[in-house]
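Kindly generate the corresponding structure for this input.
(chains A, B, C and D)
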Number of protein chains: 2
Amino acid sequence: MPEAKPEFLKGAVDLLILKVVSLGPIHGYAISQRIQQISKDYFQVQQGTLYPALHRLENRGWLGAEWKDTDTGREAKFYSLTKKGRKQLEAEMASWEGMSNAVALILRTAE
Amino acid sequence: MPEAKPEFLKGAVDLLILKVVSLGPIHGYAISQRIQQISKDYFQVQQGTLYPALHRLENRGWLGAEWKDTDTGREAKFYSLTKKGRKQLEAEMASWEGMSNAVALILRTAE
DNA sequence: GGCGTATATGTCGGATCGCTAGGCATTGAG
DNA sequence: CTCAATGCCTAGCGATCCGACATATACGCC
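As a prediction, this is how the structure comes out:
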């Protein structure tokens, strides 16, 4: 994060990961790169954040994992969305929408 | 929170409080009511969240406090924004904006 | 062959923060 | 008098993000 309050990231990590994984099977390291790239360097998900989060999401049945080879001929754990994960993603997107609108309501309040 | 992921609230509490206080001197209990009211019941800041947050913001020099009487003739601690608090509010609003846009970028990504 | 960097996964401890659950005191309505 | 609402507070718990560390492989370069 450039100088942003990292606290805003709380809870949103799951949403971001679920979304990126929904674009197609992808391994952990690439997930963090992709998030950073798409967000134009705004989000930089640290490894100490990323891997525990992935295990969390896997344990909750939202992600499935499989070891495969990368393009460069190395082993990596590729994650994909489960059916439950897809539902969770939609729920979290709606939740984010609601939250975002509610914050906007307050920030726009004048007087 | 109706059924939203409460984690999204992380860090945003400070922003919401600073914004509401910026509307004019107000005491703690009223702050939580105001936030709930403006957000159409989306946010319900619990007391165990509210008061520690107020002390936090006061300790950081963003809020000033003063005991005064309410309309109903009771004593209450009225908070107001300090100069530092006003700068902090603007910083957090910008930060929220950035965060919000970054999330939108990711959520809007197709393929 | 040796070295450094990028890739790739993981753990651990500290710190922060929101929530539940409790406590305490006053005011006003029934 | 009793109860709900107002108004303030703290303690402990659980969740989670981060920095630091550990490990291993692939690749380019000298």
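
Break down chain A into its helices, ranges please.
A:12-22, A:28-38, A:47-59, A:83-107 (DSSP state H).

Please identify the residues of chain A in proximity to DNA strand D?
A:1, A:6, A:9-14, A:45-49, A:52-53, A:56, A:72-74 (CB under 7 Å from any atom of the strand). Any C-beta I mention is one placed from the backbone N, CA and C, and that applies to glycine too.

Now render the helices of chain A as TSV, adding mean pLDDT, distance to residue B:31 and mean neighbour count.
Output for these, formatted as TSV (pLDDT from 0 to 100; distance: least, CB to CB, whole Å; neighbours: other CB atoms under 10 Å in any protein chain shown):
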stretch	mean pLDDT	distance to residue B:31	mean neighbour count
helix A:12-22	97	25	22
helix A:28-38	97	34	18
helix A:47-59	98	31	15
helix A:83-107	96	11	17
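
any chance of these in a markdown table, with distance to residue B:102 too?
What follows is the helices of chain A, written out as a markdown table (distance: least, CB to CB, whole Å):
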| stretch | distance to residue B:102 |
| --- | --- |
| helix A:12-22 | 9 |
| helix A:28-38 | 9 |
| helix A:47-59 | 16 |
| helix A:83-107 | 12 |
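
and those as CSV, adding distance to DNA strand C?
Output for these, formatted as CSV (distance: least, CB to the nearest atom of the strand, whole Å):
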stretch, distance to DNA strand C
helix A:12-22, 12
helix A:28-38, 3
helix A:47-59, 4
helix A:83-107, 12
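
closest to residue B:89 out of these?
Ranking the helices of chain A by proximity to residue B:89 (CB to CB) places helix A:83-107 first, at 9.7 Å.

Nearest to DNA strand D: which residue in chain A?
With CB to the nearest atom of the strand, the shortest gap between chain A and DNA strand D falls at residue A:48, namely 1.8 Å.

separation between that residue and residue A:32?
Residue A:48 is 11 Å from residue A:32, where distance means CB to CB, to the nearest Å.

next one: residue A:80
Counting by CB to CB, the gap from residue A:80 to residue A:32 is 17 Å.

do residue A:20 as well
Distance of residue A:20 to residue A:32, computed by CB to CB: 9 Å.

Which residue is the nearest non-sequential neighbour of residue A:102?
residue B:42 (3.8 Å; CB to CB, 6 or more residues apart in numbering or on different chains).

Residue A:98 is in contact with the one you found, correct?
Yes - at 6.5 Å, residue B:42 counts as touching residue A:98 under the criterion of CB atoms under 8 Å.

Next to chain B, which bits of chain A? Give me the list.
A:3-12, A:15-16, A:19-20, A:23, A:35, A:38-40, A:42-43, A:92-93, A:95-96, A:98-103, A:105-107, A:109-111 (CB under 8 Å from any CB of the partner chain).

on that earlier part again, can you say which of the helices of chain A is nearest to residue B:63?
That would be helix A:83-107 among the helices of chain A, by CB to CB, at 16.8 Å.

From the contact counts, what lies against that closest one?
Under the contact criterion of 3 or more CB pairs under 8 Å, 6 or more residues apart in numbering or on different chains; DSSP states H and E, helix A:83-107 touches helix A:12-22, helix B:12-22, helix B:28-38, helix B:83-108.
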